[in-house]
Every structure is written in C-alpha cells, then in structure tokens.
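J.: Got a predicted structure here, sequence first:
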Amino acid sequence: MFAINTDEGPGSCNPASTLASRVAAFLGGLISGVRVHRRERRLRVCEMLALGEKRFVAVVEYGPQKFLLAGTSQNISLLRHLGAETEAASGEPRKESDPR
C-alpha cells in the first residue's frame, strides 16, 4: 500500500501531487481548446391545444416559417401554412384579402 507523508512543510514538493496537477492542467487546456458544435434547433412547438383523447392542434415553427398542424393517434395533417409574418405584434392572425 501507499503511505502519504503529512509531515511535509509548505515548501516541500510531493511528486504525486505535482504529477496530478500537471495532468489536470494538461487536460484542462485540452478541454478548453475543444469546441463543441451543437446544431441550432430550428423546429419548435409554439403552442399546442389538446382536443380530447389523443387529438391536438399545434402551431409549429421551423426557422422563419410557421405551420398549423392537427394530430390524432394515427396521423398528423397540415391545416395551414402560416408563414413568418402571419401573426401581427398583437398576436392576432393577419386578415387575408377576399379574392372576389
């Protein structure tokens, strides 16, 4: 077994602690030099409303685009493409012009 000498003064140099501190400094420098690139999340659920058992309506945002989706236990349907500029600052949907 190894014994630790605790009688050493503040000026003494313990080879094991020096090696450990060198390894820790090396690993710290190595880790700080590595950059982790995480993909930016572009898909986001803005709002979801449950409509009963296994049914929902949701506004989903992908980048600048928004979509109104409906889902059941067996499928998901696109109800409408809302676009980036659909909602005004007040939160109300924009009014579309009458094609007539």
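T.: Structure's in. What do you need? As the structure is a computational prediction, the values presented were derived from the model and not from experiment.

J.: Enumerate the positions of the helix or strand bottoming out on mean pLDDT in the chain that are buried.
T.: The least trusted helix or strand in the chain, going by mean pLDDT, DSSP states H and E, turns out to be helix 15-33, with a mean of 75. The neighbour-count criterion (16 or more other Cβ atoms under 10 Å) identifies no buried residues in helix 15-33. Heads up, the C-betas are built off the backbone N, CA and C, glycines and all.

J.: Check stretch 53-63 too.
T.: For stretch 53-63, the neighbour count (16+ other Cβ under 10 Å) marks 58-61 as buried.

J.: out of those residues, which are inside strands?
T.: Counted as lying in strands by DSSP state E, out of the buried residues of stretch 53-63, are 58-61.

J.: which regions of this protein sit below the pLDDT cut-off?
T.: For the chain, the stretches with pLDDT under 70 are 1-16, 30, 33-34, 84-100.

J.: just the buried residues of stretch 53-63 now: which is nearest residue 38?
T.: residue 61 (18.8 Å; Cβ to Cβ).

J.: out of everything not next to it in sequence, what's closest to that closest one?
T.: Leaving aside its chain neighbours, residue 61 sits nearest to residue 44 (4.7 Å; criterion: Cβ to Cβ, 6 or more residues apart in numbering).

J.: what's the answer for residue 69, then?
T.: Nearest residue to residue 69, sequence neighbours excluded (Cβ to Cβ, 6+ apart): residue 58, at 5.0 Å.

J.: Same check on residue 79?
T.: Spatial nearest neighbour of residue 79, chain neighbours left out: residue 68 (4.5 Å); criterion: Cβ to Cβ, 6+ apart.
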